[in-house]
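Student: Could you work out the structure for the sequence below:
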Amino acid sequence: MAETDNSALRDKLAEHLETELNSAYDCDRVWEAWFVGTMSHRDFSAVNDRLDEIVEGVAAVVEANEPQRIQHLLEANNRYLNRARVSEGCERAARDKRQDAMLSWARETFGNIEGCDPVSLEERARRFLEEALELVQACGLDDEMATRVKDRVYSREPGDVRKEIGQSSMTLSILAEVLGESVAQCEVDEFDRVQSKSKAHVEARHRAKMEEGI
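Tutor: Have a look, this model is predicted:
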């Protein structure tokens, strides 16, 4: 432990112990003296008179156990990380499976619409932009700000697709957390909802978008 940490530890111990021991006294005579009848206030001294000695004793014990405490914390942290890795792996596998199912749904639902390739990069990018705009609109972002953000993005060079997917997902997760929502649950709920719609209904809505050029 660094010297500054030693000093900080002793200061905190002194502050706490001085308060706790403020009304405590040491008796300088043996226990049997109580029964003699000669005990007086002169036989007592405030415990805080030897506060420095007490602080040093407690600090020595704390410092002696510090390596063990740090090791314990490291081991606990490693156990947490291992559990987190397993959990993340299971979550990633489940999400990848759901992602594949969603692509299959899109291909099956929109694949027969003339002039529509439901798995083309352009089509998927348009649909993502549409939903992103609807989300920020629902959050209260006005058209002027959305346009300013769009103009700034398109004034710069295109980014790396993989990196932008990660940033989009992170930003969505943070937004959902602010809103008190679960991205995973919202995703599952919406997938269940659209699958409950008839194919004719979904196709009609998509054709209307195509007629508008989007």
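Student: how about E63, secondary structure?
Tutor: helix (DSSP: H, G, I helix; E, B strand; the rest coil).
Student: Looks like it contacts L13 (just checking).
Tutor: No. Between E63 and L13 there is no contact under Cβ atoms under 8 Å: 11.0 Å. C-beta coordinates here come from the backbone N, C-alpha and C atoms, glycine included.
Student: Between the two, which is the more surrounded one?
Tutor: The residue with more neighbours, out of E63 and L13, is L13; 18 against 14, by other Cβ atoms under 10 Å.
Student: So the residue nearest to the more buried one when sequence neighbours are not counted versus S7, what's the distance?
Tutor: In space, L13 comes closest to V55 once its chain neighbours are excluded; the distance is 4.9 Å by Cβ to Cβ, 6 or more residues apart in numbering. To S7, V55 is 11 Å away according to Cβ to Cβ, to the nearest Å.
Student: Then L121?
Tutor: 61 Å.
Student: Same question for A94.
Tutor: From A94 to S7 the distance is 51 Å (Cβ to Cβ).
Student: and what of R83?
Tutor: Taking Cβ to Cβ, one finds R83 at 37 Å from S7.
Student: what residues go with each domain of this protein?
Tutor: For the chain, the structural domains run 3-79, 111-211, going by automatic domain parsing.
Student: G89: which of the ones you listed is closest?
Tutor: Shortest distance between G89 and these, using Cβ to Cβ, is found for domain 111-211: 15.1 Å.
Student: centre of the chain versus the closest one, how much separation?
Tutor: 24 Å (Cα atoms, centre = their mean, to the nearest Å).
Student: which stretches of the chain form helices?
Tutor: 3-20, 51-110, 121-138, 143-154, 161-179, 183-196, 199-211 (DSSP state H).
Student: possible to save those as CSV with distance to D43?
Tutor: Listed next are these as CSV, based on distance: least, Cβ to Cβ, whole Å:
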stretch, distance to D43
helix 3-20, 23
helix 51-110, 20
helix 121-138, 77
helix 143-154, 78
helix 161-179, 64
helix 183-196, 70
helix 199-211, 92
